[in-house]
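Student: Turn this into a structure:
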Amino acid sequence: MVDETVPAGLDTSTAHPARRYNYWLGGKDHFAADRESGDMIERAHPTVRLSARENRSFLQRAVRFLAEEARVDQFLDVGTGLPTADNTHEVAQRRVPHSRVVYVDNDPMVGAHARALLTSSPEGATRYLEADLRDPRTILGHRQLKEILDLERPVGLVLIAVLHFIPDHAQARDVVRELLAALPSGSYLAASSFTLDYSSPETAAVARQMIAQGRSDAHPRTRAEFAEFFTGLGLIGPGIVPVSEWLPEVPAHQRPPAEQVAIYGAVGRKP
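Tutor: Below you'll find the predicted structure:
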């Protein structure tokens, strides 16, 4: 059942990435414009729902690694999206109950459902901030972030499937640098981003045409461009790979090919 309840001030006539992603994941928090946009993109990229699931699985594996192996107990998740199963705080607190998580998104509907993001363990804490990734100064200076996160201790910065919504690569790179600059040594970046590196020339041409016509808002990054987000960081595990290949939990023959996933992922540590 689709939730057509409209939070105050919400524009339902324009597709929003968080709601479209929720649609692809089989959620119920989306509107006609989101479904129309999602279906249009799916016609050009028929495996987009698979991409969304693989990206979500990468998020969960990355957070689990940070909590279990890296012993990170603070997370800043920007571009949170709508709540679904195994959100960042649920994965982290299952391993480290006292983990503290700040979620950030710019969709009022995410805020309307933020109660699902605030179901912290008794030992830990969560907060939700409505802010935009393109304004890192506001995020870092927010009173509630400072109440929850100790920026003198390592933080896991989570930027999953959000950087490709910043059209200008230099701006996206600078945003990541500004966020990382505020975090101490031992912090981590977990990020993923859409790519056309594995697409056929025909598929890539259609995708670029959709972007040029304003029918798609996800801007692809090459491997070299994606690697710039991790400049100066020590890459973990396999480095920069399709999200399905980052510390995978299923054998190779069960993993989808890179051209079907079309999303790079990586985790890096700040020295």
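Student: what's near enough to touch residue 191?
Tutor: Neighbouring residues of residue 191 by Cβ atoms under 8 Å, 6 or more residues apart in numbering: 158, 159, 160, 163, 176, 226, 229, 230, 265, 266, 267. All C-beta atoms are positioned from the backbone trio N, CA, C, and that covers glycine.
Student: That one: which element?
Tutor: According to DSSP states H and E, residue 191 maps onto strand 188-194.
Student: Also compute the angle for the helix or strand just after that strand relative to strand 188-194, please.
Tutor: Remark: after strand 188-194, the chain's next helix or strand is helix 201-212, criterion DSSP H and E. Computed by axes from the mean of the first three to the mean of the last three Cα atoms, to 10 degrees, the angle separating helix 201-212 from strand 188-194 equals 100 degrees.
Student: which is the next helix or strand following helix 201-212?
Tutor: Downstream of helix 201-212, the first helix or strand assigned by DSSP H and E is helix 223-228.
Student: Could you list every helix and strand that that following helix packs against?
Tutor: Helices and strands touching helix 223-228, by 3 or more Cβ pairs under 8 Å, 6 or more residues apart in numbering; DSSP states H and E, are helix 169-181, strand 263-269.
Student: Check those for me and report the most buried one.
Tutor: Burial of the helices and strands packed on helix 223-228 is given as mean neighbour count (mean count of other Cβ atoms under 10 Å); strand 263-269 ranks first at a mean of 25.
Student: tell me the pLDDT at the residue nearest the centre of the chain?
Tutor: Centroid check for the chain by Cα atoms, centre = their mean gives residue 160 as the closest residue, at 1.8 Å. pLDDT, residue 160: 97.
Student: Quick check: residue 267 touching residue 246?
Tutor: Yes: between residue 267 and residue 246 there is a contact at 7.3 Å, judged by Cβ atoms under 8 Å.
Student: how near is the residue of the chain positioned farthest from its centre to residue 74?
Tutor: No residue in the chain sits farther from the centre than residue 202, which is 27.2 Å out by Cα atoms, centre = their mean. For residue 202, the distance to residue 74 equals 45 Å [Cβ to Cβ, to the nearest Å].
Student: Tell me who's in contact with residue 209.
Tutor: Contacts for residue 209 (Cβ under 8 Å, 6+ apart) come out as none.
Student: Likewise for residue 107?
Tutor: 16, 17, 18, 19, 82 are the contacts of residue 107 under Cβ under 8 Å, 6+ apart.
Student: Noted, bye for now.
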